[in-house]
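# can you look at this prediction? I've put the sequence above it.
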Amino acid sequence: MIPFDVVAPIEVSVDGALHTLIEPTLWQTPTLMNVASMAAEEYLLFVVSTDKIEISADAVQRMLSVAQQTGAVMLYSDYREVANGSVCQHPLIAYQAGSVRNDFDFGPLYLVKTEALRIAAELMDKRYNFAALYDMRLKLSRFGHIFHLPEMLYTKQETDLRTSGAKQFDYVDPRNREVQIEYEQVCTQYLKSIGAYVATNDIVECEYGSGFEGLQS
């Protein structure tokens, strides 16, 4: 059996876990840095939701085994979701290099290699109050593989029963403006770190000659 620790905002029960680190503010940079320094096992199972999660010891060991086989710094799987008494499958998509969306869906549970988290924590030179998990993920992607395991390995009890469209507009809600600004700062910092950032003052306007006049309607 591969040992692991659990990191969650509330008390959770995961079969096989040696330790559970209760961290109510996982989205804050000092919290992740503290987790990186306190973790005792090779892997950390992050539960980033306050919804009820049901996962067996065999399912966790499956994730751990694949993480070791692939060398992934982060691994996530498909899952089942219970809402209004109905159970539905929630398949996720594979993570690709260059995936920078802050709302990329990894599900409410994923595995992180502790050594990789410590390296990422050393690179966290800016403190965030809301976007630390996003910052962690982008930093992990710089030096390791984020792997999608296409298997339904756990169940989530859904409590936010709004439509997906309603949830999407949370991003532009004025009350979440501070959160949005932090996400943008994290993304900008990441693009600069990989040499992909283009400053607005470096953009050159194109002038179209008379040869394009015939294309006008």
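Yep, it's here. Being a predicted model, the structure only gives us computed values, none of them experimental.

# the chain: strands as residue ranges?
4-8, 19-22, 43-47, 52-55, 74-83, 86-90, 109-113, 146-157 (DSSP state E).

# ok, and the closest non-adjacent residue to Leu64?
Ile2 (4.1 Å; CB to CB, 6 or more residues apart in numbering). For every residue, glycine as well, the C-beta is placed using N, CA and C.

# OK, contacts around the residue nearest to Ala8 when sequence neighbours are not counted?
Of all residues not flanking Ala8 in the chain, Val47 sits nearest, at 3.9 Å (CB to CB, 6+ apart). With contacts taken as CB atoms under 8 Å, 6 or more residues apart in numbering, Val47 has the following neighbours: Val6, Val7, Ala8, Pro9, Val12, Val14, Ile53, Pro108, Leu109.

# are any of those residues buried, and which?
When these are checked for burial by 16 or more other CB atoms under 10 Å, the buried set is Val6, Val7, Ala8, Pro9, Val12, Val14, Ile53, Pro108, Leu109.

# from Tyr190, how far out is the residue nearest to the fourth one when sequence neighbours are not counted?
In this structure, Pro9 finds its nearest non-sequential neighbour in Pro24, 5.0 Å apart by CB to CB, 6+ apart. To Tyr190, Pro24 is 26 Å away according to CB to CB, to the nearest Å.

# mind checking which of the two has more residues around it?
Counted by other CB atoms under 10 Å, Pro24 and Tyr190 do not tie: Tyr190 has more neighbours, with 19 against 11.

# how far away is that one from Tyr183?
The gap separating Tyr190 from Tyr183 is 11 Å, by CB to CB.

# what do you get for Gly98?
17 Å.

# neighbour-wise, which of those two wins?
In this view Gly98 and Tyr183 are compared by other CB under 10 Å, and Tyr183 has more residues nearby, 20 against 8.

# quick one, phi/psi of the residue nearest to that one when sequence neighbours are not counted?
If the residues on either side of it in the chain are set aside, Tyr183 comes closest to Asn102, at 4.3 Å by CB to CB, 6+ apart. Taking degrees, to the nearest 10, you get phi -70, psi -20 for the backbone angles of Asn102.

# just give the number of residues close to Asn102.
When counting by other CB under 10 Å, one arrives at 18 neighbours for Asn102.

# just name the shakiest helix or strand of this structure by mean pLDDT.
The helix or strand of the chain with the lowest confidence, counting by mean pLDDT, DSSP states H and E, is helix 164-168 at a mean of 46.
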